[in-house]
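Participant: pasted the sequence and its predicted model underneath.
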Amino acid sequence: MPRLLMLVCATSAAFTGCAFRQSLDPAQGGVDSVIPRTATLPHAGHRHSWMLPEAKNEDLLYVSNVYTITVYSFPKGKLVGTLSDFEKPYGECVDAKGDVYVTDSSFGKIYEYAHGGTKQIKTLKDPEFVPYGCAVDPTTGNLAVANYSDASARQGDLAIYHKAKGYPKSYTGYDFYYYYFCGYDPKGNLYVNGLNDYGENLEFGELSKGGDEIKNILLPNTVHYVGGIEWDGQYVAVGDGGPNIYQYTFSNDQATLEGTTSLTGAAQVGQFGIVGSTVVTPNEFLTNSGSGPVLYFPYPSGGASTQTITKGVFYPFSSVVSPAASRR
């Protein structure tokens, strides 16, 4: 679930012994504002990036935490590496080569890492904005970044970097003010969600392949929170920030709900990762008392989780899977 939540912003939240804010808006302090004062932060400045040698030959699960990206073998969930030197890495996405992109909201940059690598192989600048979710176009290699807002907490945008290089082209949508997550379908159509300027109404839109504007789309069901967007192999899967992932088809600027996956026990889910019959979801706050784990669920059937990862996890926000070269 994104760190600014439509209902959270309008609801009082007080937890005994913890310094939680009512708003999770990064413009109001971001994730540091909602971590208990008693928590020990594994700040990037106190750690170094590392990766086990065998990681390059395995499918890898990348999980963004407060200051680090933790990397696990997939599906086993063994901790095989940690990437450091971040300050609030919110979004992640993977390209056709298996390279992983990480958006850093505080630094206003997007970093690219090779599959199983520990060094940044490319850095894209996004200094005027607070980047959140990202996605890579499977037809062109373009990189899309949903910018929550600019550095002064004004209106954000959807930025697209041609071939994941250089400076981006900016797109905005009617009634969009904050942009959170985005995802491509196999044809290169891009879907994005966010909130209006009051942070009350969820917005959803499509930037069609070759298009020059984001067209607003009214979803046929109620979506309470802003969640991740991903192509699941058949449908566009859209998270409801918590226990549900919805599957949609789109035609003529209209959405059709094709199915619902309910994740029993999931809470505050941000960007999820779907691989075959499994969906991996981070749980930033599974309970009011602290950081939640990363959970595996059957997909699209949903139900109870089948696996839990806690080692190295600290307020996880996004998860993606990068396949080994032999599986691409």
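Facilitator: Good, I have the coordinates. Numbering: from 1, shown residues only.
Participant: pLDDT weak spots in the stretch 151-300 of the chain?
Facilitator: Applying pLDDT under 70 to the stretch 151-300 of the chain flags the ranges 151, 242, 268, 285-290.
Participant: same check on the stretch 1-150 of the chain?
Facilitator: 1-47.
Participant: where does Lys163 land in three-state SS?
Facilitator: At Lys163 the chain is in helix, as set by DSSP: H, G, I helix; E, B strand; the rest coil.
Participant: for it, grab the count of nearby residues.
Facilitator: 10 (other Cβ atoms under 10 Å). Where C-beta positions appear, they are placed from N, C-alpha and C, glycine not excepted.
Participant: residues touching it, list them.
Facilitator: Thr140, Gly141, Asn142 (Cβ atoms under 8 Å, 6 or more residues apart in numbering).
Participant: and of these, the nearest to Leu79?
Facilitator: Distance to Leu79 across the contacts of Lys163 (Cβ to Cβ) is lowest for Gly141, with 30.3 Å.
Participant: distance of the closest one from Ala325?
Facilitator: In this view, Gly141 and Ala325 are 17 Å apart by Cβ to Cβ, to the nearest Å.
Participant: compare the two (neighbour count), which wins?
Facilitator: More crowded of Gly141 and Ala325, by other Cβ under 10 Å: Gly141, with 15 against 11.
Participant: right, and that one touches Asp99 too?
Facilitator: No: Gly141 lies out of contact with Asp99 (Cβ atoms under 8 Å); the separation is 10.3 Å.
Participant: closest to the centroid, which residue in the chain?
Facilitator: Gln271 (3.3 Å; Cα atoms, centre = their mean).
Participant: what is that one paired to in the beta sheet?
Facilitator: According to DSSP bridges, the partner residues bridging Gln271 are Ser318.
Participant: so who does it touch?
Facilitator: 91-92, 133, 181, 227-228, 230, 239, 282, 317-320.
Participant: now the nearest residue to Thr310 once chain neighbours are set aside: how far from Phe204?
Facilitator: Excluding the flanking residues, the one nearest Thr310 by Cβ to Cβ, 6 or more residues apart in numbering is Pro293, at 4.7 Å. Using Cβ to Cβ, one gets 29 Å for the distance from Pro293 to Phe204.
Participant: who has more neighbours out of those two?
Facilitator: For the pair Pro293 and Phe204, the greater number of neighbours falls to Phe204 (21 against 17), based on other Cβ under 10 Å.
Participant: how far away from the center of its chain is the helix or strand where the more buried one lies?
Facilitator: Here Phe204 sits within strand 202-207, counting by DSSP states H and E. Centroid separation for strand 202-207 versus its chain: 16 Å, with Cα atoms, centre = their mean, to the nearest Å.
Participant: quick one: residues in contact with it.
Facilitator: Outside strand 202-207, the residues that touch it by Cβ under 8 Å, 6+ apart are 6, 158, 171, 173, 175-176, 189-196, 213-219, 223-226, 238, 250, 253, 255.
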